[in-house]
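In: I'd like to go over a predicted model; first the sequence, then the structure.
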Amino acid sequence: MAGNATEYIKHHLTFWKSSHEGFWSIHVDTFSVSLILGFLFVGVFALVAKNAKLENPGRLQLFVESLVEMVNTQVKEIFHAESKVVAPLALTIFCWVFLMNAMDMLPVDLIPQIAAWVGYTFFGADPHHVYFRVVPSADVNSTFAMSISVMLCIIGFSIKAKGLGGWGKELLTAPFHAHSPILVVILAPVNFAFQMVELVAKPISLSLRLFGNMYAGELIFILIALLPWGAQWILGAPWAIFHILVITLQAFVFMMLTIVYLSLAVEKH
Amino acid sequence: MEFNATLLGQAITFAILVWFTMKFVWPPLTNMMDERARRIADGLAAAERGKQDLEAAEKRVADEVRKAKQQSTEIMLAAEKRANQIVEEAKDAARVEGAKLVSDAKAEIEQEVLRAKEVLREQVAVLAVAGAEKILRREIDQAKNADLLASIKAEL
């Protein structure tokens, strides 16, 4: 049983990898699921936006509008500069991350079993070697892809707001300020080190927070799936209900922190 | 935990999604919502204006009604006054007329009395003369006493 359980967990935590070697291999499951969810999001939203009615909006339109309004309110409260990018970026992050997280709510064996059946029936693959991890946000590649993109945005926003020279100067003169030239020179490397840590810490904390939450959630669902089937609901139901909060909260946190970081980037110190 | 090209793929997907949202989702939705907010504000303002207009009109109507009432009261008072005046005037005229009639009648009566007196006097004179004639016929020549009789007649 112990061996079986280990096998089961391992199987569930293995990605479906493309046949490339080393760095160039791709997690097909992560990539495809997140792509489908992303297009689902932009497709539905663009459709609603295209057919949006000023009067008598439908339920779907109202739902989309309430999301847009929520994001817009947050952006307006936190981000005070003018930008056409921040609000759509925040909306994309919230919706996409939420959808990716929501994959956790699917029964833990559903998609892998279907994948195994499809692989075995149509491609003659060994069902034990068909892997499918359905939660893209439980893959560091996903979370880091987003957080590194956000970091690039932070750098871009800083340069756009302060100019390349202004940003470079800030890297060397903050957080420790000095008036005498000698002290400024001495403090420059210290400041630079601090700034670099700050810059790198942001994407790491962003992505690892999301990854950690989703990975842990997925793992617990897998562990619950090891219980006898009659007892699974005792833990499964509370955990799933709690997880509704977690997946929403994590999407929200990722969005909020992105807005906060970008607003910090354009503010002058 | 293993980093590989999935990261690049995900970043590209992310960039495409953000670009698409920026282009086709966010602007039309927010424009529409702003437009709706503007329309609602306009509608509310129009309703408020309408309410104020209605209030002003109601006030004006009340004013007019009050004025009309006042006017009608004034007219009624004036009419009453005029009626009283007319009645008084008529009374006065009647009184004057009555007095005139009475005085006329009195004058006529006096005249009648005077005429009657005149007639009587003449008759008395005639009678007296006749009486005197009878008396005198026997004794005195009528012609001799004629001037006497005339003087008596004039005295009567």
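Out: Yes, it's here.

In: pull the number of nearby residues for A:Thr30.
Out: A:Thr30 has 29 neighbours, counted by other Cβ atoms under 10 Å in any protein chain shown. For every residue, glycine as well, the C-beta is placed using N, CA and C.

In: and the helix or strand containing it, which residues are buried?
Out: In this structure, A:Thr30 sits in helix A:28-50 according to DSSP states H and E. Residues of helix A:28-50 classed as buried by neighbour count (16 or more other Cβ atoms under 10 Å in any protein chain shown): A:28-31, A:33-35, A:37-38, A:41-42, A:45-46, A:48-49.

In: is any residue of that helix near chain B?
Out: Yes - interface with chain B: helix A:28-50 contributes A:30-31, A:34-35, A:38, A:41-42, A:45-46, A:48-50 (Cβ under 8 Å from any Cβ of the partner chain).

In: and the helix or strand bottoming out on mean pLDDT in chain B, what does it pack onto?
Out: The weakest-scoring helix or strand in chain B, judged by mean pLDDT, DSSP states H and E, is helix B:142-155 (a mean of 74). Contacting helix B:142-155 under the criterion 3 or more Cβ pairs under 8 Å, 6 or more residues apart in numbering or on different chains; DSSP states H and E are the following elements: helix B:26-139.

In: report the angle between the helix it packs on and helix A:28-50.
Out: Interaxial angle, helix B:26-139 versus helix A:28-50 (axes from the mean of the first three to the mean of the last three Cα atoms, to 10 degrees): 20 degrees.

In: helix B:142-155 and helix B:26-139, what's the angle between them?
Out: Helix B:26-139 and helix B:142-155 meet at an angle of 150 degrees, taking the same axes, to 10 degrees as the criterion.

In: tell me the centre residue of chain B?
Out: With the centre of chain B defined as its mean C-alpha position, the nearest residue by Cα atoms, centre = their mean is B:Ile75, 3.9 Å away.

In: picking that back up, from the buried residues of helix A:28-50, pick the one nearest A:Pro107.
Out: Nearest to A:Pro107 among the buried residues of helix A:28-50, counting by Cβ to Cβ, is A:Val33 at 15.1 Å.

In: from what I see, the closest one and A:Met100 are in contact.
Out: Yes - taking contacts as Cβ atoms under 8 Å, A:Val33 lies within contact range of A:Met100: 7.4 Å.

In: can you check which residues contact both of these two?
Out: Residues touching both A:Val33 and A:Met100 (Cβ atoms under 8 Å, 6 or more residues apart in numbering or on different chains) are A:135-136.

In: can you list the residues of chain B near chain A?
Out: Going by Cβ under 8 Å from any Cβ, the residues of chain B near chain A are B:1-11, B:13-18, B:20-22, B:24-26, B:28-30, B:32-33, B:35-36, B:39.

In: repeat the analysis, applying 6 Å as the threshold.
Out: Taking Cβ under 6 Å from any Cβ of the partner chain, the part of chain B that reaches chain A is made up of B:1, B:4-7, B:9-11, B:13-14, B:17-18, B:20-22, B:24-26, B:28-29, B:32, B:36.

In: buried among those residues? Need that as a selection in PyMOL.
Out: Buried residues within those, by 16+ other Cβ under 10 Å, are selected in PyMOL with:
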select buried, chain B and resi 4+5+6+7+9+10+11+13+14+17+18+20+21+22+24+25+26+28+29+32+36
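
In: got any ranges where chain A has weak pLDDT?
Out: Along chain A, segments meeting pLDDT under 70 span A:1-3, A:268-269.

In: which bits of it sit near chain B?
Out: Proximity of chain A to chain B (Cβ under 6 Å from any Cβ) is limited to residues A:23-27, A:30-31, A:35, A:38, A:42, A:45-46, A:49, A:52, A:54, A:68, A:88-89, A:91-92, A:140-142, A:144-146, A:149.

In: show me which of those are buried.
Out: Listed as buried from the residues of chain A next to chain B are A:25-27, A:30-31, A:35, A:38, A:42, A:45-46, A:49, A:52, A:68, A:88-89, A:91-92, A:140-142, A:144-146, A:149; burial here means 16+ other Cβ under 10 Å.

In: what residues sit buried inside the helix or strand where A:Lys76 lies?
Out: A:Lys76 belongs to helix A:59-78 when assigned by DSSP H and E. Across helix A:59-78, burial judged by 16+ other Cβ under 10 Å covers A:61, A:64-65, A:67-68, A:71-72, A:74-75, A:78.

In: out of the residues of chain B next to chain A, which sit inside helices?
Out: Among the residues of chain B next to chain A, the ones falling in helices (DSSP state H) are B:6-7, B:9-11, B:13-14, B:17-18, B:20, B:26, B:28-29, B:32, B:36.

In: quick check: A:Pro127 touching A:Tyr120?
Out: Yes - counting by Cβ atoms under 6 Å, A:Tyr120 is a contact partner of A:Pro127 at 4.5 Å.

In: and the residue in the stretch 151-269 of chain A that chain B sits nearest to, what is it in contact with?
Out: The stretch 151-269 of chain A approaches chain B most closely through A:Phe211 (8.3 Å), counting by Cβ to the nearest Cβ. Contacts for A:Phe211 (Cβ atoms under 6 Å, 6 or more residues apart in numbering or on different chains) come out as A:140, A:143.

In: helix or strand right after the one helix or strand it maps to?
Out: Using DSSP H and E, A:Phe211 sits within helix A:181-224. Going down the chain from helix A:181-224, the next helix or strand is helix A:232-266, by DSSP H and E.

In: rewinding a little: just want the angle from the helix holding A:Lys76 to helix B:26-139.
Out: Relative orientation of helix A:59-78 and helix B:26-139, computed by the same axes, to 10 degrees: 100 degrees.

In: packing partners of helix A:59-78?
Out: Under the contact definition 3 or more Cβ pairs under 6 Å, 6 or more residues apart in numbering or on different chains; DSSP states H and E, helix A:59-78 sits against helix A:28-50, helix A:86-102, helix A:232-266.

In: just to revisit the earlier point, where's the helix holding A:Phe211 relative to the chain centroid, distance-wise?
Out: Relative to the chain's own centre, helix A:181-224 is displaced by 15 Å; criterion: Cα atoms, centre = their mean, to the nearest Å.

In: likewise stretch A:18-38?
Out: Centre-to-centre, stretch A:18-38 and its host chain are 16 Å apart (Cα atoms, centre = their mean).
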